[in-house]
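[1] Would you be able to build a 3D model of this:
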Amino acid sequence: MKIKKTFVLITFMLAILPAAVYAQESLFTSISKLPSDARSIGIGYETFERFHNIAVRVERGFTDIVKGGTVTVVRFSEYNTSDFLLSQLFDLMYTDALGTTDLDYFIIGAVGGTYLYTTGVERRYVINDYSYPYSGSYKYVGTLKEGVHSLDVIGGGGLVAPLNQLKPFVSYAFRYRRTVHAGSENSHIFSGGIEVDISQKIRLIGRANWPVSSKGFRNPTLEIGINFQ
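    The predicted structure follows:
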């Protein structure tokens, strides 16, 4: 039964790898395996340019080498603190030993979307006196716009070098993002970081992401997180 379930999950991940989208640059996932039926929860923070992502992630092991998770991310902007982007992603991750080497490899795929809340100020003509002839004046009125911002899918993989409590890793992901008003965008994300086992139940994660798109290299993002099993 486990073999059949693993085959179905791997097939699903490979099917979504050719197309990938994202609202933030990181999945906020631990690269460690999660035993079957075990659960974990993590909290992460990511910063890039003048944006900040705060994430909460929940994972569950399906088999000893396949786990699934969901991550909820809220993005804030220093440009306008009243604007924020809500992201929800679902992913699957397959991890196994790389042949007879001391390395592990993983494959990961995710689907999700983002919801945008943005505020602003508009100059409107407001009628003050409805008796004829009408009279009014221009006033600045606060506005709130909200709605679906993008549909996201992401796929990729990487290598892990387990060194006792330390797990340095590198990874690559291809991303496709379909936004409601700006069309689609392809990009590539190169990542590197380290995961540290503080105990059997607690892990610290540090990761840097270098996004590349048709517009060239963007500024790297930095992520830190903690995971509780």
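
[2] The chain: helices as residue ranges?
    Read by DSSP state H, the chain holds these helices, from start to end of the chain: 2-16.

[3] if I pick the spatially most central residue of it, what's in contact with it?
    Geometric centre of the chain, nearest residue: Leu27, 3.9 Å, by Cα atoms, centre = their mean. Leu27 makes contact with 71, 89, 91, 108, 110, 154, according to Cβ atoms under 8 Å, 6 or more residues apart in numbering. Yep, even glycine has a C-beta here, placed from its N, CA and C like the rest.

[4] do Ser36 as well
    Contact analysis of Ser36 by Cβ under 8 Å, 6+ apart lists 2, 61-64.

[5] Can you tell me which of those end up in strands?
    Counting by DSSP state E, the contacts of Ser36 place Gly61 in strands.

[6] I'd like the contacts of Ser36 laid out as JSON lines, including neighbour count and pLDDT.
    Listed next are the contacts of Ser36 as JSON lines, based on neighbours: other Cβ atoms under 10 Å; pLDDT from 0 to 100:
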{"residue": "Lys2", "neighbour count": "12", "pLDDT": "49"}
{"residue": "Gly61", "neighbour count": "20", "pLDDT": "93"}
{"residue": "Phe62", "neighbour count": "19", "pLDDT": "94"}
{"residue": "Thr63", "neighbour count": "18", "pLDDT": "92"}
{"residue": "Asp64", "neighbour count": "15", "pLDDT": "90"}
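
[7] how about the contacts of Ser36, which pair is most distant?
    With Cβ to Cβ as the measure, no two of the contacts of Ser36 lie farther apart than Lys2 and Gly61, at 11.4 Å.

[8] circling back: now list the buried members of the contacts of Leu27.
    71, 89, 91, 108, 110, 154 (16 or more other Cβ atoms under 10 Å).

[9] beta partners for the last one?
    According to DSSP bridges, Ala110, Arg175 are recorded as the beta-bridge partners of Ile154.

[10] picking that back up, from the buried ones among the contacts of Leu27, pick the one nearest Ile43.
    Val71 (10.5 Å).

[11] what sits against the closest residue to that closest one other than its chain neighbours?
    Among residues not flanking Val71 along the chain, Arg57 sits closest, at 4.2 Å (Cβ to Cβ, 6 or more residues apart in numbering). Applying Cβ under 8 Å, 6+ apart, we find Arg57 in contact with 28-29, 41-44, 69-72, 225, 227.

[12] possible to save those as TSV with pLDDT?
    Below are those laid out as TSV (pLDDT from 0 to 100):
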residue	pLDDT
Phe28	82
Thr29	84
Ile41	93
Gly42	92
Ile43	92
Gly44	89
Gly69	91
Thr70	91
Val71	90
Thr72	89
Gly225	91
Asn227	91
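
[13] distance between the ends of stretch 61-68?
    6 Å (Cα to Cα, to the nearest Å).

[14] Surely Glu158 and Tyr94 touch.
    Actually, residue 158 is Gly. It isn't Glu. No. Counting by Cβ atoms under 8 Å, Gly158 does not reach Tyr94; the two are 11.5 Å apart.

[15] can you list residues touching both of those two?
    Overlap of the contact sets of Gly158 and Tyr94 (by Cβ under 8 Å, 6+ apart) consists of Phe106.

[16] related to what we said a few turns ago, any chance of the contacts of Leu27 in a markdown table, plus distance to Ile205?
    Shown next, in a markdown table, are those (distance: Cβ to Cβ, whole Å):
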| residue | distance to Ile205 |
| --- | --- |
| Val71 | 13 |
| Leu89 | 17 |
| Asp91 | 15 |
| Ile108 | 14 |
| Ala110 | 17 |
| Ile154 | 18 |
